[in-house]
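Novice: kindly return the folded structure for what I paste below:
(one chain, ligands or ions: 1)
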Amino acid sequence: MSTGSTVTWTNHDNFTHSVQVQGESEVHMMRPGETAEVTFSAPGTFNYLCTLHAQNMKGTVLVS
Ligand SMILES: [Cu+2]
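Specialist: Prediction:
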C-alpha cells in the first residue's frame, strides 16, 4: 500500500482482540464487531500483533 493509506482491522470473532503496531505505544482494542484504523504516514515495513494473543495473531504491513 502507499504512504498515507489507512488500514482498517475488523474483529469478526466473538472475543476481544487488539492491534498494536511495533514501535508504537497505542493499543487499539476491538471488542466483537468493532474496528481499528491505523494510518501509515511513512514508508517501511511495519509489524503488528494482537497484544492478547501475540503468539499467533500477527502480521506485517508494507508501505511504499
Ligand atoms: Cu487476538
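Novice: does the residue nearest the centre of the chain sit in a helix, a strand or a coil?
Specialist: The centre of the chain sits closest to V19, judged by CA atoms, centre = their mean, with a distance of 3.8 Å. Classification of V19 by DSSP: H, G, I helix; E, B strand; the rest coil places it in strand.
Novice: surely it is in contact with A36?
Specialist: Yes - if you go by CB atoms under 8 Å, V19 and A36 touch, sitting 4.7 Å apart. Bear in mind the C-beta positions are built from the backbone N, C-alpha and C, glycine included.
Novice: can you pull up the bridge partners for the residue nearest to the centre of the chain?
Specialist: Beta-bridge partners for V19, by DSSP bridges, are H28.
Novice: ok, it - contacts?
Specialist: V19 makes contact with W9, V27, H28, M30, A36, V38, Y48, L49, C50, according to CB atoms under 8 Å, 6 or more residues apart in numbering.
Novice: and the pLDDT at it?
Specialist: You'll see V19 listed with a pLDDT of 98.
Novice: same deal with G23?
Specialist: G23 is given a pLDDT of 92.
Novice: what residues does S64 make contact with?
Specialist: Contact analysis of S64 by CB under 8 Å, 6+ apart lists M1, S2, T3, P43.
Novice: cutoff 7 Å now
Specialist: S64 makes contact with S2, P43, according to CB atoms under 7 Å, 6 or more residues apart in numbering.
Novice: repeat that for L62.
Specialist: By CB under 7 Å, 6+ apart, the contact set of L62 is T45.
Novice: what's the distance between it and the ion?
Specialist: The gap separating L62 from the ion is 22 Å, by CB to the ion, to the nearest Å.
Novice: may I have the helix or strand that residue falls within as CSV, with CA atoms only?
Specialist: Secondary structure from DSSP states H and E places L62 in strand 58-63. Taking C-alpha atoms only, strand 58-63 is exported to CSV below (Å, rounded to 0.1, in the frame of the first residue of the first chain):
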residue,chain,number,x,y,z
LYS,A,58,0.4,-11.0,14.0
GLY,A,59,1.2,-9.7,10.6
THR,A,60,3.1,-7.1,8.5
VAL,A,61,2.0,-4.0,6.6
LEU,A,62,4.3,-3.0,3.7
VAL,A,63,4.2,0.7,3.0
